[in-house]
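Chemist: What shape does this take:
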Amino acid sequence: MRDADAEDAYIWHKRVIVREDGSVAEIRKGVVQVLNYNEPTSATDSVKANFTLDYYGEYEETYYPPV
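Modeler: Model (predicted):
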């Protein structure tokens with residue numbers, strides 16, 4: 001996500017949703033816009049970024065029914 005360390009950046013994103021049994025339920029991929037990006041400073045040098053991803057234009061979504 002460091003590639004999109006500025007708000008309003010556009011990146012290619014792939015989201016995989018997995019069921020409890022480990023099987024893939026859904027894959028969504030496409031270009032997203034990064035909104036509300038916030039990377040608070042930490043005394044422990046750990047990075048905790050908060051952001052919202054909004055799909056931009058058309059995206060590909062594939063649903064895999066349970067077996």
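Chemist: The closest residue to residue 59 other than its chain neighbours is in what secondary structure piece?
Modeler: Among residues not flanking residue 59 along the chain, residue 30 sits closest, at 2.8 Å (Cβ to Cβ, 6 or more residues apart in numbering). C-betas here are computed from N, CA, C, even on glycine. Residue 30 is located in strand 24-38, with elements delineated by DSSP states H and E.
Chemist: how far out from the middle of the chain is that strand?
Modeler: 4 Å (Cα atoms, centre = their mean, to the nearest Å).
Chemist: What of stretch 15-25?
Modeler: 15 Å.
Chemist: any idea of the mean pLDDT for it?
Modeler: Averaged over stretch 15-25, pLDDT sits at 94.
Chemist: distance between the ends of it?
Modeler: 11 Å (Cα to Cα, to the nearest Å).
Chemist: Stretch 50-62 too?
Modeler: Span of stretch 50-62 from end to end, Cα to Cα: 26 Å.
Chemist: Likewise for stretch 31-44?
Modeler: Start to finish, the residues bounding stretch 31-44 are 33 Å apart (Cα to Cα).
Chemist: Report the buried residues of that stretch.
Modeler: 32, 33, 34, 37 (16 or more other Cβ atoms under 10 Å).
Chemist: quick one: contacts for the residue nearest to residue 59?
Modeler: Contacts for residue 30 (Cβ atoms under 8 Å, 6 or more residues apart in numbering) come out as 12, 13, 55, 56, 57, 58, 59, 60.
Chemist: JSON lines for these, including distance to residue 42, secondary structure and neighbour count?
Modeler: JSON lines is the format used below for the contacts of residue 30 (distance: Cβ to Cβ, whole Å; DSSP: H, G, I helix; E, B strand; the rest coil; neighbours: other Cβ atoms under 10 Å):
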{"residue": "12", "distance to residue 42": "28", "secondary structure": "strand", "neighbour count": "9"}
{"residue": "13", "distance to residue 42": "25", "secondary structure": "strand", "neighbour count": "18"}
{"residue": "55", "distance to residue 42": "30", "secondary structure": "strand", "neighbour count": "15"}
{"residue": "56", "distance to residue 42": "30", "secondary structure": "coil", "neighbour count": "13"}
{"residue": "57", "distance to residue 42": "35", "secondary structure": "coil", "neighbour count": "9"}
{"residue": "58", "distance to residue 42": "37", "secondary structure": "coil", "neighbour count": "8"}
{"residue": "59", "distance to residue 42": "33", "secondary structure": "coil", "neighbour count": "14"}
{"residue": "60", "distance to residue 42": "36", "secondary structure": "strand", "neighbour count": "9"}
